[in-house]
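J.: Take a look and give me a structure for this.
(2 chains)
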Amino acid sequence: MTGDDPLSKRREPDDEHPIVEAPGAAEVAPSHLPGEDDDLTPDEDVSVAAAAATPQSPFAGALRQIATGSTMVSLLSIVLAVVVGSIMILATDEDVRDSMGYIGSRPGDFFFYVREAITGAYGALFRGSVWNGEGTDFETRIRPLTETLKFSGPLILAGLGVGLAFRAGLFNIGGRGQMLLAGAAAGWVAISVDAPAAIHLPLAILAGAAAGALWAGLAGLLKARTGAHEVIVTIMLNYVGYYLVFYALSKQGWLQAPGSANPKSEAMPESAVLPNLLGDRFNLHWGFVGALVAVAFTWWLLNKSAMGFRFRAVGENPEAARASGINVGATYVYVMLIAGALVGLAGVNQVLGTAPSGVTVDLDAGIGFDAITVALLGRSRPLGILAAGLLFGALKAGSFTMSVSEGIPVEIVLVIQSLIVLFIAAPPLVRAIFRLPKEATA
Amino acid sequence: MKTWKRTSAIAALAVMASATLAACGDAPDEKAEEKIDFLPCILSDAGGFDDKSFNQLSYEGVEDAAKELNAEFREFQSTNENDYDGALEGFVAEGCDMIVTVGFALAAATKKSAAANPEIEYVLIDDAADGGEDGATFDGQADEPNIKPLLYNTAEAAFLAGYAAADYTKTGTVGTYGGMPFPTVTIFMDGFKQGVDYYAKEKGKAVKVVGWEGNDKGVFTGGFDANEKATNTAKQILDQGADVILPVGGPIYQGALTAIDESGKDIALIGVDADFYDTDPNTQDVVFTSILKNMKISVYETVLAAGDGDFDASPYVGTLENDGVGIAEFHNFDSKISDTLADELASVRAGIIDGSIPVTSYLVQ
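T.: Numbers count the residues shown, from 1 in each chain, chains lettered A, B, ... in the order given. I've put the predicted structure just below:
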């Protein structure tokens, strides 16, 4: 089982459609349409055959498995990442290190400080993300949970955008560019249009979603028309988008606040700002509700609509989809348009909700890339992405308390997130490279 | 999955093994500490607590006050503006009694947090917290009653530096440039020019200032980064014949250092915020003097007062009179300045304090 896959070697020269098409077409037969459980999740044999049959990279099967694998692997990955993260917290804790020096003469100290560091770290994480037991009134105690929801909103929205593209077999790494363009467009409408809130706010949101859709749709169009790989195109469009927005923010008469030398727009007018959900004492705004609506919409789109069926069919096997009459190129464009609109809404959420003090080039706050990990952890399923977004939102909200209270750098959260993805990615990736037989548990 | 579990087990074993190797030291004595029930917290802007400038000085102020009060304190270093809100939430969740935020960039986030948490005392450095993020509309009172602004009328100190620079210059031209036209930046440039003009009028010596014309017109790098733009801007000032240069805005003075080095001429640099001679030894050969904001003392005293239960939200304005601002020693330039300069500066300083020499700025019209 080492070296090249004999299967692919044997098949590649005579890459005949009829052989592969039969299982592929059966797999996407309309009778399989309803129900999330009855999904198009491939088993190993089909994906190997698909990888061998299509001219795409041999990792395509692995990639799809990473993006749509089982819930068990996700949960185990979180556990493992937290274990490794804890070891890092201990290794950087001064008391633990110091007491390690005299563990021979007083081992109790070492274990005391280990317990202190771990309970301190995760206690602070909990206190900053769910429930602050030290608060004097209910509002103070529940406040961290509202912060978690605030951070989760854009992660869920952008995660849906990335996950949707995954389901159609596309890797959308352009979250940053799409968020920036969308944020700038929404900000521009908010600043330059004068209208009552009932018109102003929806208009600004629509403008943002449209800008995100166009920016991602461009990548879909290039893929459909020229075959340009969407990974390359979306990454490059991140830079183009970044400098485009930066230019607009540095130019008087475009987006820059009048009379300022700062690359920042003026603050959003009241009529275009997402209202607070729980009153002025909390930062949570209606963007989170929007994210929940987007989850429901994406679930409906993927599982109940004809277009979603085409997305999944193309993601499963573009050759088979084409053979059964689906316009694969058009599907790429449509899925990227919708994905871009969803990611764009995350940018809108930032500009009109979380940070209405003005558009900046930092508005994406790393969410464009975090969304990839959210989509992977959520297995590209809307409800999975909702759960993953809530988890990452909680990690984000709690990281500040961990840093303030225990001196643990906020970057530990990024490390834990990255480890989660690493563990999710590792089993199928390792199997794909070494052609190991599939494990029963995964 | 098994492979990964095994690997993490091995990693854990390796940590334990290194522990046992180092485990022959003696245990320290038990130390008992009694801390008071007052928790000050400090949030930096993107410059970080090691910026050798206002973040660092403010941090030291909190650190010293906490030590004096026998209190703990908490800190958070921002990496960009997305951190501000979250860090303030973290402080609130941590139960901070006083939150010190450093720099005008944090004004909006501070105001929001202060409005939501009226029981917490806030100290905002370098911004009046009164209408607009730029702090340009100063009416003397913070928007929220629980914010104490710490402001520094550096125009007075810059006036003295301008006077000294006018006395020192051999070319008859001194220069300045800023990062961006924020009031906290232009106040230096404005005071500097007033000092130069005062000297020129008093002594009848023609001294010109390049880089600042007053009324917000001047030369700016457009940012607070030590980049090529900063170097080119400094060169542009030096090309106009200036032999004393005052760069205002955090690390942009690094550009002036490069420009001075490349010019090969004998150029004097004036530092801002902290004494560059101490904070950046690379500047010791060229630093003429520095315009000081005494943040460490004012933050220290504010935190100390709050710890003793005497928080007073009225704005603090650092002046020459209360030693909130000042100028540093001339260090290596001591032998190069005129013999009478020290006495003249002392009398100008006295004149500014008693009001006989007027110095205008956005803080004092």
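J.: and the stretch 251-400 of chain A, which residues reach chain B?
T.: Within the stretch 251-400 of chain A, the positions adjacent to chain B are A:260-262, A:280-283, A:354-355, A:357, A:360, A:362, A:365-366, A:396-397, A:399-400 by C-beta under 8 Å from any C-beta of the partner chain. C-betas here are computed from N, CA, C, even on glycine.
J.: can you confirm residue A:87 is in a helix?
T.: Yes - residue state for residue A:87 (DSSP: H, G, I helix; E, B strand; the rest coil) corresponds to a helix.
J.: now it: how far from chain B?
T.: 6 Å (C-beta to the nearest C-beta, to the nearest Å).
J.: mind checking pLDDT for that residue?
T.: As summarised for this prediction, residue A:87 has a pLDDT of 91.
J.: Over to residue B:39?
T.: pLDDT for residue B:39: 93.
J.: Show me the residue at the heart of the chain, geometrically.
T.: You didn't say which chain, so I picked chain A. Nearest to the geometric centre of chain A sits residue A:371, at 1.8 Å (C-alpha atoms, centre = their mean).
J.: Wait, chain B was what I had in mind.
T.: Among the residues of chain B, the one closest to the centroid is residue B:54, at 2.7 Å (C-alpha atoms, centre = their mean).
J.: does it really touch residue B:273, like I thought?
T.: Yes - Residue B:54 sits in contact with residue B:273 when judged by C-beta atoms under 8 Å, with a separation of 5.4 Å.
J.: joint contacts of those two?
T.: Common contact partners of residue B:54 and residue B:273 (C-beta atoms under 8 Å, 6 or more residues apart in numbering or on different chains): B:293, B:295.
J.: Quick one: buried ones out of the residues of the stretch 251-400 of chain A next to chain B?
T.: For these, a burial check counting by 16 or more other C-beta atoms under 10 Å in any protein chain shown picks out A:260-262, A:282-283, A:354-355, A:357, A:360, A:362, A:365, A:396-397, A:399-400.
J.: And the residues you listed, which is closest to residue A:198?
T.: Nearest to residue A:198 among these is residue A:354, at 21.9 Å by C-beta to C-beta.
J.: And for the nearest residue to that closest one once chain neighbours are set aside, the neighbour number?
T.: Residue nearest to residue A:354 in three dimensions, not counting chain neighbours: residue A:150, with 6.5 Å by C-beta to C-beta, 6 or more residues apart in numbering or on different chains. The number of residues packed near residue A:150 is 25, by other C-beta atoms under 10 Å in any protein chain shown.
J.: how close does residue A:150 get to residue A:334?
T.: According to C-beta to C-beta, to the nearest Å, residue A:150 and residue A:334 sit 31 Å apart.
J.: ok, back up a step: how about the nearest residue to the residue nearest to the centre of chain A, chain neighbours excluded?
T.: Ranked by C-beta to C-beta, 6+ apart and with sequence neighbours excluded, the top spatial neighbour of residue A:371 is residue A:158, at 3.4 Å.
J.: where does the chain have low pLDDT?
T.: Answering for chain A, as no chain was given. Scanning chain A for pLDDT under 70 picks out A:1-70, A:261, A:427-442.
J.: Sorry, I should have been clearer: chain B.
T.: Those would be B:1-34, B:131-141, B:364-365, if you go by pLDDT under 70 across chain B.
J.: Any idea which residue of chain B lies closest to chain A?
T.: Residue of chain B nearest chain A, by C-beta to the nearest C-beta: residue B:90 (3.2 Å).
J.: what sits against that residue?
T.: Residue B:90 makes contact with A:128, A:400-401, A:403-405, B:76 under the criterion C-beta under 8 Å, 6+ apart.
J.: Tabulate the residues you listed (TSV), appending distance to residue A:103.
T.: TSV is the format used below for these (distance: C-beta to C-beta, whole Å):
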residue	distance to residue A:103
A:128	31
A:400	33
A:401	30
A:403	28
A:404	29
A:405	26
B:76	32
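J.: in a strand, that's where residue B:238 is, yeah?
T.: No - counting by three-state DSSP, residue B:238 is not found in a strand; it is helix.
J.: what residues does the stretch 1-150 of chain A put near chain B?
T.: A:73, A:76, A:80, A:83-84, A:87, A:90-91, A:98, A:100-106, A:109-110, A:124, A:127-128, A:132, A:134-135, A:140, A:143-144, A:147.
J.: Show only the entries of these found in helices.
T.: Judged by DSSP state H, the residues of the stretch 1-150 of chain A next to chain B include A:73, A:76, A:80, A:83-84, A:87, A:90-91, A:98, A:100-101, A:109-110, A:124, A:127-128, A:140, A:143-144, A:147 as members of helices.
J.: Buried ones among the residues you listed?
T.: Buried among those (16+ other C-beta under 10 Å): A:73, A:76, A:80, A:84, A:90, A:100-101, A:109-110, A:124, A:127-128, A:140, A:143-144, A:147.
J.: For the helix or strand that contains the residue nearest to the centre of chain A, report the contacting residues that lie outside it.
T.: Taking DSSP states H and E as the criterion, residue A:371 maps to helix A:367-377. Here helix A:367-377 makes contact (C-beta under 8 Å, 6+ apart) with A:66-67, A:74, A:77-78, A:154-156, A:158-163, A:166, A:173-179, A:238, A:343, A:346, A:350, A:384-385, A:388-389, A:391-392, A:417-418, A:420-421, A:424-425.
J.: Repeat the analysis, applying 7 Å as the threshold.
T.: Helix A:367-377 has contacts (C-beta atoms under 7 Å, 6 or more residues apart in numbering or on different chains) with A:66-67, A:74, A:154-155, A:158-159, A:161-163, A:166, A:173, A:175-176, A:179, A:343, A:346, A:385, A:388-389, A:392, A:417, A:420-421, A:424.
J.: what comes up buried for the helix or strand that that helix is followed by?
T.: Next along the chain after helix A:367-377, taking DSSP H and E as the criterion, comes helix A:382-406. In terms of neighbour count (16+ other C-beta under 10 Å), helix A:382-406 has its buried residues at A:382, A:384-406.
J.: Check which helices and strands helix A:382-406 sits against.
T.: Judged by 3 or more C-beta pairs under 7 Å, 6 or more residues apart in numbering or on different chains; DSSP states H and E, helix A:382-406 is in contact with helix A:107-129, helix A:138-167, helix A:287-304, helix A:367-377, helix A:411-434, strand B:74-76, helix B:83-94.
J.: quick one, the second one and helix B:83-94 angle?
T.: To tie it back to what came earlier, the one meant is helix A:138-167. Here helix A:138-167 points in a direction 140 degrees away from that of helix B:83-94 (axes from the mean of the first three to the mean of the last three C-alpha atoms, to 10 degrees).
J.: Just give me how far the helix or strand following helix A:138-167 sits from the chain centre.
T.: Note on helix A:138-167: by DSSP H and E, the next helix or strand toward the C-terminus is helix A:175-192. Distance of helix A:175-192 from its chain centroid, counting by C-alpha atoms, centre = their mean, to the nearest Å, is 19 Å.
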